[in-house]
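**Student:** Okay, here's the prediction I keep looking at, along with the sequence it came from:
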Amino acid sequence: MGSTEGGTFRRMLRTLTSDVDELDARDLAEEVEETGARPARDCACGEEVTMLGRIRSVEVGPQNAEATLKAELFDGTDGVTLVWMGRRRIPGIEAGRTMRVRGRVSIRDGQKVLYNPYYEICQAQ
């Protein structure tokens, strides 16, 4: 077996034995790199960034509180909380969707947050 065949076999074996979430995170991180978006792990407070990722969860504030829609965006490297104030629902913002967002990074309770980000819902691939 040549070195190329051995490398191919090792990659195939690693793919077959890896956790699905780990493989998905790796694929997302590669897609982020290909599109030129900024990986979430490299973003710092105060920077204006463009990110690409998949929505993991969506949370709507209670009816008796101020209207707020929160979503967790994961790009394969780290998660970022997206917060739209004054909104209870935005069509198309749902778990599993891939989005490109742009905004200024804030830190709240140790988590990266983008408030009222510009967003683009990407087509499924």
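**Tutor:** Structure's in. What do you need?
**Student:** Quick check: the residue nearest to the spatial centre of the chain vs residue 46, distance?
**Tutor:** With distances taken as C-alpha atoms, centre = their mean, the residue of the chain nearest its centroid is residue 74 (2.5 Å). Relative to residue 46, residue 74 is positioned 22 Å away (criterion: C-beta to C-beta, to the nearest Å). (Glycine included, C-beta is placed from N, CA and C.)
**Student:** Tell me which helix or strand residue 87 sits in.
**Tutor:** Using DSSP states H and E, residue 87 falls within no helix or strand.
**Student:** Identify the residue nearest it in space, chain neighbours excluded?
**Tutor:** In this structure, residue 87 finds its nearest non-sequential neighbour in residue 69, 4.6 Å apart by C-beta to C-beta, 6 or more residues apart in numbering.
**Student:** What helix or strand is that neighbour located in?
**Tutor:** Counting by DSSP H and E, residue 69 is part of strand 68-74.
**Student:** Who does that strand pair with, and is each partner parallel or antiparallel?
**Tutor:** For strand 68-74, the paired strands and their directions (DSSP bridges) read strand 48-60 (antiparallel), strand 79-85 (antiparallel).
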